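>>> this one's sequence-less:
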C-alpha cells in the first residue's frame with residue numbers, strides 16, 4: 001500500500017506534536033542544532049507564533065495516525081524593514097524513520113509554492129547548515145540554495161568538537177540575473 005502524505009499549515013494546537021517530533025530528531029546526532037532538552041514549549045510556541053505573524057510553517061502528519069507529525073518546516077521574516085524581502089532561520093525536520101523517502105522534498109515544494117503564491121515580496125530565503133550534514137546540504141542545493149561562505153568553528157557537537165556552519169540562501173529566479 002502506497003501511503004499518501006499531505007502538507008498542511010501547522011497550528012498552535014500542534015505545539016506538543018511538534019515538540020515530540022523535534023525531540024525525536026534532536027536525539028539523533030546531526031539532526032538539528034538543538035539538543036532534546038532544549039526543545040521546550042516556549043521555544044516551539046515562539047516559532048509557531050512568529051511564523052503565523054511573519055512567515056510560513058508547514059507540517060506533514062503520519063497518514064496512518066494523524067496525532068503524529070512526521071515532518072515540519074518553518075521560516076519567517078527577521079522583523080525589520082531592511083529585511084522585509086527575505087525569510088530567514090529556515091528549519092526543516094523530518095522524523096528519522098521517514099528520512100530518505102521524499103518527505104523533505106515534498107515540504108520544500110510546498111514551501112516554495114506558498115512563497116510564490118502568497119509572498120511575492122520574498123526574494124530570498126536563508127538557512128544555516130552544519131558542514132557535517134552533507135545529506136541536508138545536498139537537499140538544499142537540489143532546491144536552489146547556494147552556499148554563501150563558511151563560519152569556522154561555530155557549532156559545538158555533542159563530543160565538544162567544533163565544526164563549521166554553512167550559510168545558504170535561495171534567491172527567487174527573476175532576481176538571480178540582476
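Cool, got the structure. Keep in mind that what you see is a predicted model, and the values were worked out from it rather than measured.
>>> Surely residue 152 is in contact with residue 164?
Yes. Using C-beta atoms under 8 Å, residue 152 is in contact with residue 164, at 5.1 Å. C-betas here are computed from N, CA, C, even on glycine.
>>> These two: who's more crowded?
Neighbours per residue (other C-beta atoms under 10 Å) separate residue 152 from residue 164, with residue 164 holding more: 15 against 10.
>>> And the least confident helix or strand in the chain by mean pLDDT, how far out from the chain middle?
Lowest on mean pLDDT, DSSP states H and E among the helices and strands of the chain sits helix 173-176, with a mean of 74. Here helix 173-176 is found 22 Å from its chain centre; the criterion is C-alpha atoms, centre = their mean, to the nearest Å.
>>> likewise stretch 89-109?
Averaged C-alpha coordinates place stretch 89-109 at 8 Å from its chain's average position (C-alpha atoms, centre = their mean).
>>> Mind listing what's buried along the lengthiest helix in the chain?
Counting by DSSP state H, the longest helix found in the chain is helix 103-118. By 16 or more other C-beta atoms under 10 Å, the buried positions in helix 103-118 come out as 103, 104, 106, 107, 108, 110, 111, 112, 114, 115.
>>> which one of these is nearest residue 96?
residue 103 (11.1 Å; C-beta to C-beta).
>>> quick one: contacts for that closest one?
Residue 103 makes contact with 5, 60, 70, 71, 94 under the criterion C-beta atoms under 8 Å, 6 or more residues apart in numbering.
>>> Look up how far residue 140 lies from the closest residue in space to residue 28 that isn't next to it in sequence.
Computed as C-beta to C-beta, 6 or more residues apart in numbering, the closest residue to residue 28 that is not its neighbour in sequence is residue 96, at 5.1 Å. For residue 96, the distance to residue 140 equals 19 Å [C-beta to C-beta, to the nearest Å].
>>> neighbour count winner among those two?
Ranked by neighbour count (other C-beta under 10 Å), residue 96 and residue 140 place residue 140 first, with 22 against 13.
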